[in-house]
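Peer 1: Dropping the sequence and predicted coords here.
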Amino acid sequence: MTSFLRSDRSRPVAIWLFIVAALVFAMVVVGGATRLTDSGLSITEWKPIMGALPPMSEAAWQADFELYKQIPQYKLVNAGMTIEAFKTIFWWEWGHRLLGRIVGAAFAIPFAFFLIRRMIPRRLIWRCAAMLVLGGLQGLVGWWMVSSGLSERVSVAPERLMTHLGLALALFVMLIWTALDAWAGSPRVEERSPWRGWALALLGAIFFQSLLGALVAGNDAGLVYNDWPLMNGALLPDQYLGKGLWGTLAHSQGAVQLHHRLVAYALFAAGVAVGVLTWRSRHLPREASMAGLAVAIVVTLQAAVGVWTLMAQVPLSLGVIHQAGAAVLLAVATAFAWRVRRP
């Protein structure tokens with residue numbers, strides 16, 4: 001029995017995965033700031049190795065600035081920008097890419113070490129390998145996103161931004177879930193709690209809402225319809241339809257903001273209901289009830305910050321807090337969904 005317990009759980013592996021999850025959280029927050037400051041197109045080349053170093057001389061800074069001057073964002077939005085202003089947006093994007101490299105190293109190197117030492121529970125090896133692949137794919141998707149704004153647009157394509165954020169958040173959820181599995185080991189008894197399906201549905205809905213938030217950010221839709229609960233004094237936005245179905249769903253400022261609002265209302269109601277019902281339930285472990293209550297608290301705070309951010313026309317500080325809040329809500333919902341699956 002002792003050898004089974006040793007092979008089924010690993011606290012060092014769990015700590016490692018929690019640390020990487022924290023780094024991914026930081027990357028999501030910095031990525032949000034990069035988008036809000038319109039900094040994502042300041043580095044127009046993808047250099048996975050050499051790009052780890054920033055410009056080291058004034059000549060190097062000038063060369064990067066000249067590359068930036070060739071894209072539509074400079075010509076149509078930032079014409080006349082000084083090199084000092086360029087350095088400000090450059091550091092945001094460079095910091096975001098540097099964090100991506102740090103996340104990759106923080107995952108890959110310990111993964112190899114733990115694998116060689118046979119410290120990773122066998123049932124979690126494939127999951128860790130999948131996360132390694134997902135992390136590598138994230139770098140490619142990041143460049144795919146940036147490239148969409150280098151020739152014909154003044155910003156990245158909203159759907160590509162949504163894909164980039166979605167992969168990061170999926171990795172974040174996988175890291176937390178796997179870390180909890182590594183910390184606690186396999187459940188000794190399988191219990192079909194009625195909360196299993198509901199908890200996973202709530203987690204999926206929060207993830208979907210985060211994707212809608214990415215479309216809002218990608219379309220700068222938080223800068224319009226800044227009253228609440230109405231939209232320019234009406235129940236529905238006066239400019240809802242875009243060019244075709246996809247143009248409406250992904251590119252209409254009115255549509256993406258309305259969809260984000262409607263799902264937020266549903267999530268707020270569901271989150272509060274989860275908190276109340278789990279707290280009153282006599283069939284859930286205390287930890288699961290606490291996690292359900294945490295979901296209700298965080299979803300309430302996130303809804304309040306979302307309204308505040310919208311009505312304040314998305315200042316950098318509130319925009320970053322709102323994106324960080326989405327990741328925190330995902331983390332809490334992940335912990336809740338994980339806990340209700342165990343007796």
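Peer 2: Arrived safely.

Peer 1: Identify the residues contacting residue 23.
Peer 2: Residue 23 makes contact with 99, 102, 103, 106, according to CB atoms under 8 Å, 6 or more residues apart in numbering. For every residue, glycine as well, the C-beta is placed using N, CA and C.

Peer 1: Are any of the residues you listed buried, and if so which?
Peer 2: Buried by 16 or more other CB atoms under 10 Å: 99, 103, 106, out of those.

Peer 1: Residue 243: neighbour count?
Peer 2: 9 (other CB atoms under 10 Å).

Peer 1: So for it, what pLDDT did the model give?
Peer 2: Listed pLDDT for residue 243 reads 91.

Peer 1: Same check on the one 5 residues further on?
Peer 2: The model reports residue 248 with a pLDDT of 94.

Peer 1: Show the contacting residues for it.
Peer 2: 240, 241, 242, 255.

Peer 1: What ranges does this structure have for its helices?
Peer 2: Applying DSSP state H to the chain gives helices spanning 2-8, 11-36, 58-68, 72-76, 83-116, 122-147, 158-184, 195-218, 244-246, 253-280, 286-311, 316-339.

Peer 1: Give me the buried positions along the third one.
Peer 2: Same thing as helix 58-68. Of the residues in helix 58-68, those buried under the neighbour-count criterion (16+ other CB under 10 Å) are 61, 64, 65, 68.

Peer 1: Make sure residue 297 is actually in contact with residue 275.
Peer 2: Yes - the criterion here is CB atoms under 8 Å, and residue 297 meets it with residue 275 at 7.1 Å.

Peer 1: picking up where we left off before, could the helices of the chain go into CSV alongside distance to residue 51?
Peer 2: Listed next are these as CSV, based on distance: least, CB to CB, whole Å:
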stretch, distance to residue 51
helix 2-8, 41
helix 11-36, 15
helix 58-68, 11
helix 72-76, 19
helix 83-116, 6
helix 122-147, 10
helix 158-184, 17
helix 195-218, 23
helix 244-246, 33
helix 253-280, 32
helix 286-311, 32
helix 316-339, 24
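
Peer 1: Quick check: which of these is nearest to residue 230?
Peer 2: helix 253-280 (10.5 Å; CB to CB).

Peer 1: Give the buried residues for that closest one.
Peer 2: In helix 253-280, counting by 16+ other CB under 10 Å, buried: 253-261, 263-264, 267-268, 270-272, 274-275, 278.

Peer 1: Likewise for stretch 109-126?
Peer 2: Buried residues in stretch 109-126 (16+ other CB under 10 Å): 110, 111, 114, 119, 120, 121, 124.

Peer 1: With residue 116 as the reference, measure out to the spatially closest residue to the second one that is not a sequence neighbour.
Peer 2: By that I understand residue 111. Of all residues not flanking residue 111 in the chain, residue 128 sits nearest, at 5.8 Å (CB to CB, 6 or more residues apart in numbering). According to CB to CB, to the nearest Å, residue 128 stands 13 Å off from residue 116.

Peer 1: What of residue 80?
Peer 2: Residue 80 is 55 Å from residue 116, by CB to CB.

Peer 1: Low-confidence stretches in this structure?
Peer 2: Residues of the chain meeting the criterion pLDDT under 70: 1-7, 188-192, 343.

Peer 1: The same query, at a cut-off of 90, please.
Peer 2: Flagging of the chain using pLDDT under 90 yields the residue ranges 1-9, 46-52, 151-152, 184-197, 279-288, 341-343.

Peer 1: Of all the helices of the chain, which one comes closest to residue 46?
Peer 2: helix 122-147 (4.4 Å).
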